[in-house]
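Student: Any chance you can model this:
(2 chains)
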Number of protein chains: 2
Amino acid sequence: MENFIFQNQTKIIFGKDEEHRVGKEASLYGKKLLLHYGGGSIKKSGLYDNVIKSLKEQNIEIIELGGVQPNPRVSLVREGVKLCKQHNIDSILAVGGGSVIDSAKAIAIGAHYDGDVWDFFEGKTQVTDCLPLGVVLTIPAAGSETSGGTVITNEEGSYKRAVGHGNMRPAFAILNPVLSYTLPSYQTACGVTDMMSHILERYFTNDKNVELTDRLCEATLKTIINNAHTVINEPTDYAARSEIMWAGTIAHNDSLNTGRTGDWASHDIEHEVSGIYDIAHGAGLAIIFPAWMKYVYKHDINRFVQYANRVWDVEIDLNDLEKTALAGIKKTEEFFHSIGMPITLNEVDIDVEYFAEMAEKATERGPLGNFVKLKKDDVLAIYHLAK
Amino acid sequence: MENFIFQNQTKIIFGKDEEHRVGKEASLYGKKLLLHYGGGSIKKSGLYDNVIKSLKEQNIEIIELGGVQPNPRVSLVREGVKLCKQHNIDSILAVGGGSVIDSAKAIAIGAHYDGDVWDFFEGKTQVTDCLPLGVVLTIPAAGSETSGGTVITNEEGSYKRAVGHGNMRPAFAILNPVLSYTLPSYQTACGVTDMMSHILERYFTNDKNVELTDRLCEATLKTIINNAHTVINEPTDYAARSEIMWAGTIAHNDSLNTGRTGDWASHDIEHEVSGIYDIAHGAGLAIIFPAWMKYVYKHDINRFVQYANRVWDVEIDLNDLEKTALAGIKKTEEFFHSIGMPITLNEVDIDVEYFAEMAEKATERGPLGNFVKLKKDDVLAIYHLAK
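Tutor: Numbering: from 1, shown residues only, chains lettered A, B, ... in the order given. This next block holds a predicted model:
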């Protein structure tokens, strides 16, 4: 186990009807708020009206900025930053899923910075100050509701880049599983894949003696797997929606990677997929993660055997550990397929002719991953395994 | 799953040598600090000198109050409160285990209160303001390093009472597993029992659809069980000491009881044991918990079967679930015995003649527990099962 620092101060308010508290919580952070959201779904569902009502009851002045798209764009972030400066905004409220929250986080760091907000994503400046951020979550997936990270796409050049800092963790996050009832099943499945991949990135580590976090990862994965088909087939099952929503937060609140270094190559390899082709991040992960596993499992067969056995209940064949490891990878792939995810690049119309450029771009800032360090040719091979 | 609010803001700094950061962390909370600790062990080990050095490097003025005993006394808390008021203290640093931290928490709430600090423990007043508190942990057991609770004994009348409030969670906690190397094996075993019991109290719930937290509880229990004999037999095994220390924090940081109501009767029943007879809290729990299990398991056999199967690897006998449930309880008792804990009241010289008075006292503020509500006669029966 490595030395570590862990702090996650986000206040979680979880359960039915809790969105009605949003005004009270938001009022702790000032009287002028930027309300940030995506498209029309929160208006159709009535959530928008409930949020406005709750904010107005606390006499909070609201400046609105909707229009966040999946793979949120820096252009909208820049608009948000401008609004914050212009109206002297006290805090931001993100109502939506990971894209909305990530966009809000980027606005929150840009609001106190004189230069262009993309500087943070190019490493030209560091996060220090940040507007306080509240969240009403509608899509359990990204874990952005308590994480200190944001991923933004720069549409000029199709770059997808991440910034992380503890100060970006939201001050509060309201999680009502009922708000996820109306998610289409494809998006629900993308969310399931995304949260599973957050755990898998942490699980595949070279650190030894990490038993507790291994087991916590396995516990969370098993819970997600056990509830995934229910939330897809019975979208208004409160119990299953609750397990998935809370698991999505736990998966990415950094408690599961205390004392261990995760891998994160698959996320980087996937970013070139969804950054360019605008497919859902979760769908991209369903394609990339099993391919990554096939490419690296020999690096630590025992870890893949443990994964197969503890997460997928594959019996350990002591005479053929490799077979056991591969069975776990197969189960992963089959599971993603069973929830309606694509598992090849071909299925999402990404042709081999683009692989070289994608591999080039993914590795232009250096090798990817920690479990195994991957260079351009390795990434290319993984795209081929995923074709 | 019930609605819940979860927030645990404590900054954890975990690993080898991290105690040298204490001055820097403490300096964030002011320049006048009450240093609170127990007996001579931190002086013998050199920890005291390291802490003083680190604090002085930050020019922090130190007022000292040592002498905290196991089952910390309100009389010393009152002394601490007096010192805080007299010297206008900015923050408190607790160096030690749960008793020292609990004592420091009580001082922290008393410092801003005009009346007697025991008022909090009698429910005559509520926690609002609280001095910031830092911790250097030496005994993994109580989980007090990130919890919002404190348990104090009033020696006039042998009352042991708890107070809980989120504001009492320490601002930071330094956890270096090496600092637990010198713990005698009996105290190590008491710690193991204490942290296991914190999870068991949460595990036995009447809430349905709590799969994720069930699995997280089981993961943490299994890790503690797997590492317990190592920390007792090889006290300087860093890997095992790390697992146990981090598990002790996770067990009681309130993440494992999100969305569920725990029981806590065993703690209340035990408090009458260690409150009066001054045996270690962990030892008392090793005696009381299996007896409590034997008394209540029929209330929800399936939950006890799940416990037996998932935590103790007892195969489920579908034709005799009761047998499976009882096997899990037996494994629990055998485990506590195997790490050197007493498992009967007789072993710690508590005679049946005192049972009635203990049961009376334990229930004088109403029935105990949530899984099953226990009245005086139930508690008496549990003492008899533990005799």
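
Student: where along the stretch 51-200 of chain A do the strands fall?
Tutor: A:61-65, A:91-96, A:133-137, A:149-154, A:159-164, A:172-175 (DSSP state E, counting those that start in this stretch).

Student: Between those strands, which one is closest to B:Asn309.
Tutor: Among the strands of the stretch 51-200 of chain A, strand A:172-175 comes nearest to B:Asn309, with 30.3 Å by Cβ to Cβ. Every residue, glycine included, has its C-beta placed from N, CA and C.

Student: I'd like the distance from the closest one to the chain centre, please.
Tutor: On the basis of Cα atoms, centre = their mean, to the nearest Å, strand A:172-175 sits 16 Å off its chain's mean C-alpha point.

Student: next one: stretch A:313-322
Tutor: 32 Å.

Student: Is that stretch in proximity to chain B?
Tutor: No: shown here: stretch A:313-322 not in contact with chain B (Cβ under 8 Å from any Cβ of the partner chain), separated by at least 12.6 Å.

Student: which bits of chain A sit near chain B?
Tutor: Residues of chain A lying near chain B (Cβ under 8 Å from any Cβ): A:1-16, A:18, A:208-209, A:211-212, A:215-216, A:218-220, A:222-223, A:226-227, A:238-239, A:242-243, A:246-247, A:250, A:255, A:258-259.

Student: ok so, going back, want to throw the strands of the stretch 51-200 of chain A into a markdown table with mean pLDDT and distance to B:Ser185?
Tutor: Shown next, in a markdown table, are the strands of the stretch 51-200 of chain A (pLDDT from 0 to 100; distance: least, Cβ to Cβ, whole Å):
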| stretch | mean pLDDT | distance to B:Ser185 |
| --- | --- | --- |
| strand A:61-65 | 98 | 61 |
| strand A:91-96 | 98 | 51 |
| strand A:133-137 | 98 | 47 |
| strand A:149-154 | 94 | 43 |
| strand A:159-164 | 89 | 42 |
| strand A:172-175 | 98 | 43 |
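
Student: Now tabulate these in CSV and tack on mean neighbour count.
Tutor: Putting the strands of the stretch 51-200 of chain A into CSV (neighbours: other Cβ atoms under 10 Å in any protein chain shown) gives the following:
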stretch, mean neighbour count
strand A:61-65, 15
strand A:91-96, 28
strand A:133-137, 30
strand A:149-154, 23
strand A:159-164, 18
strand A:172-175, 26
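
Student: which residue sits closest to A:Gln306, ignoring its sequence neighbours?
Tutor: Nearest residue to A:Gln306 in three dimensions, chain neighbours excluded: A:Asp214, at 7.2 Å (Cβ to Cβ, 6 or more residues apart in numbering or on different chains).

Student: Hmm, that neighbour is touching A:Asn309, no?
Tutor: No: the criterion here is Cβ atoms under 8 Å, and A:Asp214 misses it with A:Asn309 at 11.8 Å.

Student: The two: which is more packed in?
Tutor: A:Asp214 (22 against 17; other Cβ atoms under 10 Å in any protein chain shown).

Student: mind checking which helix or strand the more buried one is in?
Tutor: helix A:211-233 (DSSP states H and E).

Student: helices or strands up against that helix?
Tutor: helix A:185-203, helix A:238-250, helix A:301-312, helix A:321-338, helix B:211-233, helix B:238-250 (3 or more Cβ pairs under 8 Å, 6 or more residues apart in numbering or on different chains; DSSP states H and E).
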